[in-house]
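Participant: this is the structure alone, sequence omitted:
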């Protein structure tokens, strides 16, 4: 059985999509202008017909997804295909011109039967969905990494432009077919452009009136196109407004948040230096995270996925700590899921000398200075991928140095209680479980802080 997400299958779908589009455009033109194609074009069309025939065979051997389950049983695949696209595919692939005498006797000109290939255009919607996704490689027998190459908004826009353009083309060809004398003294290109102009102005409900129907058939046809045009016009307006409102929904949400913050600052009458710090925080949050609140996302994820994502994102940060580097993957995964994001603005103190340590820190973005306040000396400048604060945490002693953010910093913290709990889960690692010292020193320090 063929997996529907195999890369070569998606390339095949792209080829059949292009061939289908060719017939959807060319067949109506050939019918209304009644021109003959050359030998080379006829050969290309025969090749396309062969490709359509091969596509029918492949569809009998291509699995499909049902409620996220891959169906590979041949009988189920054949039954589904025979009840859906088989008739349309067969009509588009069958070589009516080879059996021209038979079809001429019963149906008239064999070129008119080419219109059956237009039925395959309905399948373009399914091909569009397939081409929206791109397979990236095999993981096991029936699973593939799939990349979304078109966002839903882009997909809807591309699909809408494709179908409206194709429909306008068909309407233009229909106008020429109903009015064979339309600009008869002009060349076919001019006749087509003028009829396409009439089609677009009518479908968009503009209707300048410079090209008007002259027979009952043309009048009825025009009324039908007008009715369809009203629906298309409403669909266009609705979709464009939806696309514009969702094209950058995160930016819209951020702007609404900023408006609420400005109202809050105005109501509370905060001084300018505090107001500017608050605004600066949210602007930095937007520039670095596009306003995404990680806590909300983590809350919605199940524990298993949360552990996998955390380990993937933070494995390098955890391995940068010598204490964790040689530990088991299971322990590292538990550490990763306990990491909590925290943000600091430029100039914020992360901790000060004499504070009692409760956390160690990992730098995801930004720069941190390790600072000795007594001598006003910068001991080290730490960048992305570094860690700090672990020595005091492991020794359970007061902070000997201070840490200060010199840029907007995106950090992850691991608190002592979580680390102690993780180590107790892994006695086989033969590490000494960290225990806090007596709380007398903490109390003493806290009283010092009060003074």
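Facilitator: Yep, that arrived. Quick caveat: nothing in here was measured; it's all calculated off a predicted structure.
Participant: how is this protein carved up into domains?
Facilitator: Using automatic domain parsing, the domain parsing of the chain gives 1-136, 249-292, 295-450.
Participant: report the buried residues of stretch 35-46.
Facilitator: residue 45 (16 or more other Cβ atoms under 10 Å). C-betas here are computed from N, CA, C, even on glycine.
Participant: for residue 345, which non-adjacent residue is spatially closest?
Facilitator: residue 281 (5.7 Å; Cβ to Cβ, 6 or more residues apart in numbering).
Participant: helix/strand/coil for that neighbour?
Facilitator: helix (DSSP: H, G, I helix; E, B strand; the rest coil).
Participant: shift numbering so it begins at 43
Facilitator: With the count now opening at 43, the last piece we talked about shows up as residue 323.
Participant: number of residues surrounding it?
Facilitator: Neighbours of residue 323 under the rule other Cβ atoms under 10 Å: 16.
Participant: quick one: pLDDT of it?
Facilitator: For residue 323, the pLDDT comes out at 80.
Participant: pLDDT averaged over stretch 204-224, what's the number?
Facilitator: 89.
Participant: any residues touching it, and which ones?
Facilitator: 63, 66-67, 70-71, 73-75, 163, 166, 170, 233-234, 236-238, 240-242, 244-245, 256-257, 259-260, 263, 267, 274, 278 (Cβ atoms under 8 Å, 6 or more residues apart in numbering).
Participant: go with 6 Å
Facilitator: Stretch 204-224 has contacts (Cβ atoms under 6 Å, 6 or more residues apart in numbering) with 66, 70, 74, 237-238, 240-242, 245, 259-260, 263, 267.
Participant: got the residues you listed as CSV, with distance to residue 298 columns?
Facilitator: Below are these laid out as CSV (distance: Cβ to Cβ, whole Å):
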residue, distance to residue 298
66, 44
70, 48
74, 53
237, 48
238, 43
240, 45
241, 42
242, 38
245, 37
259, 54
260, 52
263, 48
267, 42
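Participant: low pLDDT regions in the stretch 143-292 of the chain?
Facilitator: 143-196, 285-292 (pLDDT under 70).
Participant: can you give me the helices for it?
Facilitator: 166-174, 194-220, 230-245, 258-288, 291-310 (DSSP state H, counting those that start in this stretch).
Participant: mind putting those in TSV, mean neighbour count and distance to residue 363 included?
Facilitator: Converted to TSV, the helices of the stretch 143-292 of the chain look like this (neighbours: other Cβ atoms under 10 Å; distance: least, Cβ to Cβ, whole Å):
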stretch	mean neighbour count	distance to residue 363
helix 166-174	16	42
helix 194-220	17	41
helix 230-245	18	65
helix 258-288	13	42
helix 291-310	12	33
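Participant: as a markdown table, those with distance to residue 405 would be great.
Facilitator: Formatted as a markdown table, the helices of the stretch 143-292 of the chain follow (distance: least, Cβ to Cβ, whole Å):
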| stretch | distance to residue 405 |
| --- | --- |
| helix 166-174 | 38 |
| helix 194-220 | 35 |
| helix 230-245 | 57 |
| helix 258-288 | 34 |
| helix 291-310 | 25 |
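Participant: of all those helices, which one is nearest residue 115?
Facilitator: With Cβ to Cβ as the measure, helix 166-174 is the member of the helices of the stretch 143-292 of the chain nearest residue 115 (20.7 Å).
Participant: quick check: end-to-end length of stretch 106-126?
Facilitator: Between the opening and closing residues of stretch 106-126 there is a gap of 13 Å (Cα to Cα, to the nearest Å).
Participant: could you list the buried residues of it?
Facilitator: Result for stretch 106-126 [16+ other Cβ under 10 Å]: buried residues 114, 119, 123.
Participant: nearest to residue 282 among those residues?
Facilitator: Of these, the one sitting nearest to residue 282 (Cβ to Cβ) turns out to be residue 123, at 36.4 Å.
Participant: please name the nearest non-neighbouring residue to that closest one.
Facilitator: Using Cβ to Cβ, 6+ apart, the closest residue to residue 123 is residue 101 (5.1 Å).
Participant: got phi/psi on the one you found?
Facilitator: phi -60, psi -30 (degrees, to the nearest 10).
Participant: quick one, grab the pLDDT at it.
Facilitator: For residue 101, pLDDT reads 88.
Participant: again with residue 455
Facilitator: 93.
Participant: pull the contacting residues for it.
Facilitator: Residue 455 touches 382, 384, 401, 403, counting by Cβ under 6 Å, 6+ apart.
Participant: can you lay out these as a markdown table showing neighbour count and distance to residue 306?
Facilitator: Shown next, in a markdown table, are the contacts of residue 455 (neighbours: other Cβ atoms under 10 Å; distance: Cβ to Cβ, whole Å):
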| residue | neighbour count | distance to residue 306 |
| --- | --- | --- |
| 382 | 14 | 26 |
| 384 | 13 | 22 |
| 401 | 20 | 29 |
| 403 | 22 | 30 |
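Participant: can I get the buried residues of stretch 106-126 in a markdown table with pLDDT, secondary structure and distance to residue 365?
Facilitator: Listed next are the buried residues of stretch 106-126 as a markdown table, based on pLDDT from 0 to 100; DSSP: H, G, I helix; E, B strand; the rest coil; distance: Cβ to Cβ, whole Å:
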| residue | pLDDT | secondary structure | distance to residue 365 |
| --- | --- | --- | --- |
| 114 | 86 | coil | 48 |
| 119 | 90 | helix | 55 |
| 123 | 87 | helix | 59 |
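Participant: could you dump the residues you listed into a markdown table and include distance to residue 393?
Facilitator: Output for those, formatted as a markdown table (distance: Cβ to Cβ, whole Å):
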| residue | distance to residue 393 |
| --- | --- |
| 114 | 58 |
| 119 | 63 |
| 123 | 66 |
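Participant: residue contacts, the residue lying closest to residue 270 once chain neighbours are set aside?
Facilitator: Leaving out its chain neighbours, the residue that sits closest to residue 270 by Cβ to Cβ, 6+ apart is residue 245, at 7.0 Å. Residues in contact with residue 245 (Cβ under 6 Å, 6+ apart) are 210, 271, 274.
Participant: look up how far residue 204 lies from the first one.
Facilitator: Taking Cβ to Cβ, to the nearest Å as the measure, residue 210 falls 11 Å from residue 204.
Participant: go on, the last one?
Facilitator: From residue 274 across to residue 204, the span is 13 Å (Cβ to Cβ).
Participant: again with residue 373
Facilitator: Residue 373 is 53 Å from residue 204, where distance means Cβ to Cβ.
Participant: same question, residue 277
Facilitator: 14 Å.
Participant: so which of the buried residues of stretch 106-126 comes closest to residue 423?
Facilitator: For the buried residues of stretch 106-126, the nearest to residue 423 is residue 114 (57.6 Å; Cβ to Cβ).
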